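J.: Pasting the sequence and the predicted model now:
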Amino acid sequence: MKYLFILYSDEDDWETMGDAKRSDIYGAYMAYTDALKNAGVHISGAPLSHSREAKRIRANGVQDGPFADGKEQLGGFYMVDVKDLDEALEWAARCPCASMGHVEVRPIWNIGN
Amino acid sequence: MSDARAIAKEAARASYGRLLAWLSSRSRDVAAAEDALGDAFRAALETWPETGAPASPEAWLLTAARRKLIDGARRRNTRVLSTPALTLAAEEAEAAMRDDKPFPDERLKLLFICAHPAIDAAIRTPLMLQTVLGLDAARIASAFLVSPRAMSARLVRAKRKIKVAAIPFDTPGEQDLASRLPAVLEAIYAAFGAGWDHEAGAEADHHDLTGEALYLASLLTQLLPDEAECWGLFSLMLHAEARKEARRKNGAYIPLSDHDISRWNTKMIAHGEAALAHAWRLKQRGPYQIEAAIQSAHAAARLHDRDVSNDIVMLYQQLVEIAPTIGAYVGYAGALAAAARAEEGLRLLDTLEAVRVENYQAYWAVRAHILGQLTRKQEAVSAYERATGLAQDEATRKFLMQKKSVLGAQHTGKL
C-alpha cells in the first residue's frame, strides 16, 4: 500500500530559528529518510521551499503564492510503500514533523486495481 | 487534581469495572453491558468529583443505568438492550447489593476474557482498558497510533467475537493461570509501554496510560495475591514510574546514569521494593521479577552509590534464559558494556537476526553506545543516525544527536 505523508509545520519558524537548531532539524530529517530507506519503504520525498515562492494557476491565469494564513503550511512530503495503515502510522509518528507540526497520512488512490 | 477528586474518579472507575464484569459475565454480551452503563458512568465521572462518591457506588451506577435497561426491555426490537439476560443480571446485581457486603469483584474474569487466546493479541490491551477501566476508544487509539475509527471497529469486532464464540466468563482455574496469566501481564505491560512512548509528547497528559496500567497491575496483585509474577510486574512498573520526573529536563532526555535522584519518588521506590520482596517470598521465578530486580539494582546503585554492574549482567543472563525477547538481549548487551565488557556486548548484538532489529530503535542506540566505547567512531556515528531516524520523540532525537556530535563526525547519508 502506498501512502503520502504530507508534512505541515510553521515555515516562518524555520526561517527565524538559529543555524544550530536548523542543523539539528536537518540532521533529524536525514536520519529519518535513511531509516525509511533502510526499511525499504521509501519511494520518494522532498522538502518544499517557502510558500511565498508558490504560484497558483487556474483557467483565468497565474497568481502568486497560496499565502496561507494558517500557522502550519505544507512544507514537504514523503511517499512510502508499506504493508498497511498501521505501519504507515508507525512510520509517520517517527517523522520529525510529527513533533514540530503535523503529518497528514493519505493512501494513494490505486487506479487500475 | 485534588485528592478528593482523584478518589471519586477512582471509585467511579472501580465500580464501573465491577458492574461491567458482573453484567457481561451473566449476559455474555460486553457491548450491551457497556451500552447500558455508559451514560451512568459518564454522569458519575462528571458529578462524583464535585459531590464525592456515593456510599454505594455500584447501586448509584445501576440505578442510573436502570432507565436505559427498562427502555431497552420495552422496545423489544432494540438491538442489544432488550437482552433479557442483561435485565436479569441487573436484578441479580441489585439483590447482591442489598446485603451489607461489598459488591462482588469479578474483574478477574474480565481481564482473562480480554487476554483469551481467541482474541487477537494486538487488541487485548485496548479491550482491557476499555472494559475494565471504561476508557474511551479515541484515547486508547491515540496511545496505540491507530485511528480512532479503526480502533472502535476493532474493539467492536473483539466484543462480537466474545459473544459469538461464547468465550466463557470463568474464574480462572489453576490451568488457566499457567497458560493465560502471561498474556494478561503482557497486555497490562503493553498499556504501560504505550504510556511510556508518549510521555514526551505535547499532549502527554492525554496520552499517558502509565497511571491506568499501574492501576491494573495493582488490581491484579489484589485479585491474584499468590502469583509472584503479578507482584513482579507491579514492582517493575513502580520502579520505572518512580523515576519519571528525572527522565526529562527542559524537554531533553536524561539517561539513568545522569538522573538527578532528588527528583526520584523514593516512596514509590520503597513500594516497588516491598512488592518485589513479596514476589520473592512466593518462590516462583519469572521474567517480570527479574526485570524488577534489574530496576531495583539500578536504584540501589544510585541511591547507595554501589557498583551493581556485575549483578545486573547476571540478572540479564537469567532473563534471556527464560524470556529470550529481543528487548532482553539488547538490555543484556547494554549491561555487558556497562560492566566493561563492551566487546562481548557487541558480539551479542551481532548474533541477533537482522530482520528483528532493523527498525528497533533501542538496538541501534545501544549499538551506537557500545561502538562509541570501543572508539569505532564512524560505525558509532552511523548507528546513532539509525537510532535517531527511528526515534518517535523530540527529546530522544536530541539526545542521540548530541551523543553523535560528541563523537565529532559529519553525517554519512544524504537527504
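T.: Good, I have the coordinates. Numbers count the residues shown, from 1 in each chain, chains lettered A, B, ... in the order given.

J.: which residues of chain B score low on pLDDT?
T.: Along chain B, segments meeting pLDDT under 70 span B:1, B:72-83, B:196-207, B:409-415.

J.: Could I get the full set of strands for it?
T.: Here chain B has its strands, by DSSP state E, at B:248-249, B:252-253.

J.: And the last one, what does it pack against?
T.: Spelled out, that is strand B:252-253. For strand B:252-253, the elements it packs on are helix B:394-406, judged by 3 or more C-beta pairs under 8 Å, 6 or more residues apart in numbering or on different chains; DSSP states H and E. (Glycine included, C-beta is placed from N, CA and C.)

J.: Kindly tell me how buried B:S257 is, as a neighbour count.
T.: Residues within reach of B:S257, counting by other C-beta atoms under 10 Å in any protein chain shown, total 9.

J.: now the one 10 residues further on
T.: B:K267 has 10 neighbours, counted by other C-beta under 10 Å.

J.: One more: the one 10 residues further on?
T.: Taking other C-beta under 10 Å as the neighbour definition, B:A277 ends up with a count of 12.

J.: can you give me the helices for chain A?
T.: Along chain A, counting by DSSP state H, helices occupy A:11-16, A:19-38, A:85-94, A:96-100.

J.: Quick one, grab the pLDDT at the closest residue to A:A46 other than its chain neighbours.
T.: With C-beta to C-beta, 6 or more residues apart in numbering or on different chains as the criterion, A:A46 has its nearest non-adjacent residue at 6.2 Å, and that residue is A:G76. A:G76 carries a pLDDT value of 96.

J.: Specify the beta-bridge partners of A:G76.
T.: Residues in a beta bridge with A:G76, per DSSP bridges, are A:L7, A:P47.

J.: check contacts around B:R18.
T.: Counting by C-beta atoms under 8 Å, 6 or more residues apart in numbering or on different chains, B:R18 touches B:58, B:103-107.

J.: returning to what we had before: count of residues packed around the residue nearest to A:A46?
T.: Using other C-beta under 10 Å, the number of residues around A:G76 comes to 19.

J.: quick one: contacts for it?
T.: The neighbourhood of A:G76, defined by C-beta under 8 Å, 6+ apart, consists of A:7, A:45-48, A:97.

J.: From those, list the buried ones, please.
T.: A:7, A:45, A:97 (16 or more other C-beta atoms under 10 Å in any protein chain shown).

J.: Just name the closest of those to chain B, please.
T.: The shortest gap between chain B and any of the buried ones among the contacts of A:G76 belongs to A:G45, at 8.5 Å (C-beta to the nearest C-beta).

J.: Grab the nearest non-local neighbour of the closest one.
T.: Distances taken as C-beta to C-beta, 6+ apart place A:Y78 nearest to A:G45, at 3.6 Å, with adjacent residues excluded.

J.: Give me the distance between the one you found and A:L89.
T.: Note on A:Y78: its distance to A:L89, by C-beta to C-beta, to the nearest Å, is 13 Å.

J.: neighbour count winner among the two?
T.: In this view A:Y78 and A:L89 are compared by other C-beta under 10 Å, and A:Y78 has more residues nearby, 25 against 19.

J.: Could you double-check that that one lies in contact with A:L36?
T.: Yes. Judged on C-beta atoms under 8 Å, A:Y78 makes contact with A:L36 at a distance of 6.8 Å.

J.: list the residues that contact both of those two?
T.: When C-beta under 8 Å, 6+ apart defines a contact, the residues bordering A:Y78 and A:L36 alike are A:42, A:45.

J.: contacting residues around residue 101?
T.: Using chain A. For A:G101, the contacting residues are A:7-10, A:72, A:75, by C-beta under 8 Å, 6+ apart.

J.: please redo it, this time with the cut-off set to 6 Å
T.: Residues counted as contacts of A:G101 (C-beta atoms under 6 Å, 6 or more residues apart in numbering or on different chains) are A:8-9, A:72.

J.: any idea which of the residues you listed is least confident?
T.: Ranking the contacts of A:G101 by pLDDT, A:E72 lands last with 90.

J.: Please report the distance of the nearest residue to that residue once chain neighbours are set aside from B:S262.
T.: Excluding its sequence neighbours, the residue lying closest to A:E72 (C-beta to C-beta, 6+ apart) is A:Y8, at 4.2 Å. Using C-beta to C-beta, A:Y8 is found at 40 Å from B:S262.

J.: So which of those two has more stuff around it?
T.: Neighbour count, other C-beta under 10 Å: between A:Y8 and B:S262, A:Y8 has more, with 19 against 8.

J.: Next, count neighbours for the nearest residue to B:L216 once chain neighbours are set aside.
T.: Using C-beta to C-beta, 6+ apart and skipping residues adjacent in sequence, the residue nearest B:L216 is B:I188, 4.7 Å away. B:I188 is flanked by 31 other residues according to other C-beta under 10 Å.

J.: Report the contact partners of B:I188.
T.: Going by C-beta under 6 Å, 6+ apart, B:I188 touches B:213, B:216-217.

J.: Next one: the residue in chain A that chain B sits nearest to, what pLDDT does it get?
T.: Closest contact between chain A and chain B, by C-beta to the nearest C-beta, is at A:A35 (3.0 Å). We have a pLDDT of 95 for A:A35.

J.: how near is the spatially closest residue to it that is not a sequence neighbour to B:G331?
T.: Leaving out its chain neighbours, the residue that sits closest to A:A35 by C-beta to C-beta, 6+ apart is B:G389, at 3.0 Å. Distance of B:G389 to B:G331, given as C-beta to C-beta: 22 Å.

J.: neighbour count winner among the two?
T.: Taking neighbours as other C-beta under 10 Å, B:G389 and B:G331 compare with B:G389 leading, 29 against 20.

J.: List the contacts of that one.
T.: A:31-32, A:34-35.

J.: I figured A:E104 hits A:F5, correct?
T.: No. Between A:E104 and A:F5 no contact is recorded; they are 7.3 Å apart, counting by C-beta atoms under 6 Å.

J.: In terms of packing, which of those two has more residues around it?
T.: Neighbours per residue (other C-beta under 10 Å) separate A:E104 from A:F5, with A:F5 holding more: 21 against 13.

J.: I'd say that one and A:A92 touch.
T.: Yes. Using C-beta under 6 Å, A:F5 is in contact with A:A92, at 5.3 Å.

J.: about what we covered before: what's near enough to touch the residue nearest to A:E72?
T.: By C-beta under 6 Å, 6+ apart, the contact list for A:Y8 reads A:72, A:74, A:101-102.

J.: one more time with 8 Å
T.: By C-beta under 8 Å, 6+ apart, the contact list for A:Y8 reads A:72-75, A:97, A:101-104.

J.: For those, name the two members farthest from one another.
T.: Greatest spacing in the contacts of A:Y8, by C-beta to C-beta: A:Q73 and A:V103 (13.4 Å).

J.: Got the phi and psi for B:K283?
T.: Backbone torsions of B:K283, given as degrees, to the nearest 10, read phi 50, psi 50.

J.: Quick one: the helices in the stretch 201-350 of chain B, in order.
T.: For the stretch 201-350 of chain B, applying DSSP state H, counting those that start in this stretch gives helices covering B:204-207, B:210-223, B:228-242, B:266-281, B:287-303, B:309-322, B:326-338, B:342-351.

J.: Indicate which one of the ones you listed is closest to B:I123.
T.: Closest among the helices of the stretch 201-350 of chain B, once you apply C-beta to C-beta, is helix B:210-223, at 15.8 Å.

J.: Contacts for the closest one next, please.
T.: B:10, B:13, B:105, B:107-108, B:111, B:128-129, B:132-133, B:135, B:184-185, B:188-189, B:191-192, B:195-196, B:199, B:230-231, B:233-234, B:237-238, B:241, B:244, B:275.
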